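Engineer: I'll drop the sequence and a predicted model, then ask my questions.
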Amino acid sequence: MQKPNNRLAGQTCIVTGASSGIGEAVATAIGLDGANVVVNYNSHPEIAEEIAHKISINNLCGDAIAIQCDVSKEDQVQAMFKQTINHFGTVDICIPNAGLQKDATLHEMSLADWQLVIDVNLTGQFLCAREAIREFLRRGIRPEISKSIGKIIHMSSVHQIIPWAGHANYAASKGAIVMLMESICQEYAPQKVRCNSIAPGAIKTPINKPAWETPEALTELNKLIPYKRIGVPEDIGSAAAWLASDESEYINGTTIFVDGGMTCYPGFTTNG
């Protein structure tokens with residue numbers, strides 16, 4: 001586990017979809033780095049409140065609160081940012097992590113399932129990034145806090161570049177995040193906004209439990225991972241905390257793949 005430090009002391013971070021899995025690990029890691037943390041959730045407030053409480057106990061510099069918000073709804077995203085600013089004063093880091101899957105073969109996929117995934121996975125990231133940038137520009141740079149005016153870390157997936165049959169809506173949403181992130185960088189880097197993405201590979205979370213819960217399934221999964229181990233949420237949390245800090249200040253407009261080498265296509269180790 002990451003050791004507590006204060007790389008992000010004095011800053012406030014919103015992590016969406018932070019009540020489980022990768023989002024929980026990211027929120028925890030950001031808190032261990034000293035930032036105030038907003039644990040966003042859509043349902044199950046008791047879980048989010050418990051996570052916020054745990055972060056607050058271990059956070060030597062900041063605090064954590066839970067805020068409900070459906071990130072696909074513009075008014076709710078705006079209300080979440082307003083509540084955060086009222087409570088903590090500003091937002092320095094935004095990590096749009098909330099996402100979901102509604103899997104089906106393309107010819108059997110309903111428009112509702114296509115739209116839901118796009119609304120949450122892509123539109124939700126746009127809405128959060130837009131509100132973050134508005135707050136960064138309103139507040140201005142605080143050089144005593146960070147060299148950047150603000151940081152956005154989109155949560156993508158290896159499926160932004162690896163096609164995924166039976167998951168066209170999910171893969172399309174993640175592929176689009178690349179252009180959203182890079183366009184934000186191109187447009188706002190002159191104002192000292194840093195915008196990057198993290199692309200997890202196979203991570204041990206409830207959403208993909210069938211892929212790792214039995215030894216047989218895990219053996220098959222590891223065939224796709226040159227490093228021969230499934231990732232854990234803390235792998236993503238550590239990357240996010242570093243990417244949010246000034247240690248990565250010159251990294252902008254790029255995707256960091258945290259995947260054990262999955263995007264190196266291990267199926268071609270014997271000439272395919």
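Structural biologist: Right, received. Where do you want to start?

Engineer: now the strands for the chain?
Structural biologist: 12-15, 36-41, 64-68, 93-95, 150-155, 193-200, 255-258 (DSSP state E).

Engineer: quick one: closest of those strands to His107.
Structural biologist: Nearest to His107, of all those, is strand 193-200, at 27.9 Å by Cβ to Cβ. Every C-beta, even on glycine, is put in place using the N, C-alpha and C of the backbone.

Engineer: note down every partner strand of the closest one and its orientation.
Structural biologist: Sheet pairing for strand 193-200, assigned by DSSP bridges, gives strand 150-155 (parallel), strand 255-258 (parallel).

Engineer: what's the mean pLDDT across it?
Structural biologist: Averaged across strand 193-200, pLDDT comes to 98.

Engineer: in the protein, which spans are helices?
Structural biologist: For the chain, the helices defined by DSSP state H cover 21-32, 45-58, 74-88, 111-118, 124-139, 168-188, 215-222, 233-244.

Engineer: what helices or strands is the second one leaning on?
Structural biologist: In terms of contacts (3 or more Cβ pairs under 8 Å, 6 or more residues apart in numbering; DSSP states H and E), helix 45-58 is packed against helix 21-32, strand 36-41, strand 64-68.

Engineer: gap between that helix and the chain center?
Structural biologist: Put simply, helix 45-58 sits 18 Å off its chain's centre (Cα atoms, centre = their mean, to the nearest Å).

Engineer: would you check how far apart Ala211 and Ser197 are?
Structural biologist: 22 Å (Cβ to Cβ, to the nearest Å).

Engineer: of these two, who's got more company?
Structural biologist: Neighbours per residue (other Cβ atoms under 10 Å) separate Ala211 from Ser197, with Ser197 holding more: 26 against 16.

Engineer: on that earlier part again, would you turn the strands paired with strand 193-200 into TSV with mean pLDDT, mean neighbour count and distance to Ala98?
Structural biologist: Shown next, in TSV, are these (pLDDT from 0 to 100; neighbours: other Cβ atoms under 10 Å; distance: least, Cβ to Cβ, whole Å):
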stretch	mean pLDDT	mean neighbour count	distance to Ala98
strand 150-155	98	26	8
strand 255-258	98	20	18
